Structures are given as C-alpha cells and as structure tokens.
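**Student:** Sequence first, predicted coordinates after that:
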Amino acid sequence: MSEVWIVVDGLVDAQVASTSTTDQMVQALLQAINPVTPVNVQVVAASSLPQAGIAVSDSLTKTEFCDKENILLCPLTLNLPDNLQFPGSAVYQACRDVTKLRHQMQQLGYATGEGSFWLPIVLTAKAPLYAEVIGLKDNKYYQPIHVSDEAKQVLYQMGWRLLRSLNAPPATYLVQFGFEGKDIYFDKLLPFPGEAAIASIGIQSPDLFACHWHCLMGLPLFELTIREVG
C-alpha cells in the first residue's frame, strides 16, 4: 500500500512532532491530506531516513501516486540527507545553502539580508498564485500584512524569477524578505509551508498547507481568499 511520510525535525512519538509549532504544521497538513486522498500517513523524523531504505515516488500526480506501491515524501524541514532523492530534492538542497542562494539573487539584481516577512507563492502546474504577505510581531505570525501594490509587484517578480531559476516543481513556497525604506531585500526560501504558514490557518482559504497538498497531487487551484475580519 502506498504511504505518505511527513518528514519533520526532531523526535517523533506516536506520530506527534516534537515541538508545538511543528505539531501545528503536521496537523494542518494531515487535515489537508485526509479529505483529498484517503491514504496511510506517517510522521517521520528526518534523522531516521538514511536507515529507512525507502523507495520514493518519482511523481506526485494523483494518478501515479495511486498506481505505485511506494512512499511519497512530504518534508516539512530542510534538514534532509544529501543523498535522498525525491521530486524537489534539488530545490531543498538549494534552499539549505542560504549564502549561495543569496548570491544567486544578487546576480539577478536583488539586494539580500535578513527579514521577517514572507511572501507565499502557491506554484500550481498551471501558474503561480500569490498569497497575502505574512509578518512576524511579538513572536506571532500574522496574515495579511499590508504591502503597497508597487512593492507587491516587485515581490511577485522576485519570487517568480527565483522559482524559475531553480526549476521549482509545484508546491507552496515561502519567500522570506525584508524592507529597508522602500527597498526590498531577499533573505531565504522555504520549499514547503513552514512556521509562518500557520498564520494562514483560519484566515486564508484554502490555507497554505492545503495549497501545498493540492500542488503536490496536481489538483487545481484557482483562487486564494482572505476571510473578512469583523
């Protein structure tokens, strides 16, 4: 029987991740998976992968997934074994080398530095969908964060050029960035819905974890909406 392995950092006990933040991410992804594709899902520590002897699916489309008796990896961490091959593994490796990725963005003409804002890009098989910006304040993530239309266009272009340069497969990506006056600078990229994506739960429909699973399964997504507050 085919399985989905959600790969996380740290220890895993009774399919619960080792930190509350990771647990929120795992639970959100589980909620996205179960209604769409009723399969066996396990939460696996990244450190256990080298000894697992797994056969990883070479395609994440729904048809291929249902036909193959193997394991579909869904990592929620960059800390993966270098020799682990799966769809998107090259992008994960590129994202892990932050210095090299920043240098690549500098060559594309963008400033780089540390930031505490995230542009979510839901890269479907058809086209990218840009979600509202997420910010961090008092150790809590918030969505949406107001960003001018001019800044949004710069962010969209920066994110799209980055994903194209990496030949990124369909998934939900988080482009981390910062501001200095009116200038925008690139920080890093996550090829999965990381901690900041928790801000989308109950705020964005579908949330970024559901978007990620839709992208991995090749399911269509046409629109992202933000719940009205008040």
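**Tutor:** It's in. Numbers count the residues shown, from 1 in each chain.
**Student:** Now do the phi/psi pair for the residue most central in space within the chain.
**Tutor:** Nearest to the geometric centre of the chain sits residue 192, at 1.5 Å (C-alpha atoms, centre = their mean). Here is the backbone geometry of residue 192 (degrees, to the nearest 10): phi -160, psi 160.
**Student:** and the closest residue to it other than its chain neighbours, how many neighbours does it have?
**Tutor:** Leaving aside its sequence neighbours, residue 192 sits nearest to residue 76 (C-beta to C-beta, 6 or more residues apart in numbering; 5.5 Å). (Glycine included, C-beta is placed from N, CA and C.) Other residues within reach of residue 76, judged by other C-beta atoms under 10 Å, total 24.
**Student:** Over to the one 5 residues further on?
**Tutor:** Applying other C-beta under 10 Å, we find 13 residues neighbouring residue 81.
**Student:** Next one: it from residue 189, what distance?
**Tutor:** 20 Å (C-beta to C-beta, to the nearest Å).
**Student:** Do a quick rundown of the helices in this structure.
**Tutor:** All helices of the chain, identified by DSSP state H, fall at 20-36, 62-67, 89-96, 98-107, 149-165, 208-217.
**Student:** looking at these, which has the lowest confidence?
**Tutor:** Ranked by mean pLDDT, the helices of the chain bottom out at helix 62-67, which scores a mean of 38.
**Student:** Go ahead and confirm residue 102 touches residue 114.
**Tutor:** No. Contact criterion C-beta atoms under 8 Å: residue 102 and residue 114 do not qualify, at 10.1 Å.
**Student:** quick one: low-confidence ranges for this protein?
**Tutor:** Applying pLDDT under 70 to the chain flags the ranges 1, 10-19, 36-37, 50-69, 229-230.
**Student:** which one's the longest strand in it?
**Tutor:** strand 171-180 (DSSP state E).
**Student:** So which elements touch that strand?
**Tutor:** strand 117-123, helix 149-165, strand 183-190, helix 208-217 (3 or more C-beta pairs under 8 Å, 6 or more residues apart in numbering; DSSP states H and E).
**Student:** Can you check what angle separates that strand from strand 183-190?
**Tutor:** Between strand 171-180 and strand 183-190, the angle formed by their directions is 150 degrees, by axes from the mean of the first three to the mean of the last three C-alpha atoms, to 10 degrees.
**Student:** unless I'm mixing things up, residue 212 is touching residue 32, no?
**Tutor:** Yes. The criterion here is C-beta under 8 Å, and residue 212 meets it with residue 32 at 7.2 Å.
**Student:** Who has more neighbours out of these two?
**Tutor:** Higher neighbour count among residue 212 and residue 32: residue 212, with 28 against 22, using other C-beta under 10 Å.
**Student:** Now for the nearest residue to the more buried one once chain neighbours are set aside: which residues touch it?
**Tutor:** In this structure, residue 212 finds its nearest non-sequential neighbour in residue 172, 3.9 Å apart by C-beta to C-beta, 6+ apart. Each residue near residue 172 by C-beta atoms under 8 Å, 6 or more residues apart in numbering is listed here: 120-123, 192-193, 197, 208-209, 211-212, 215.
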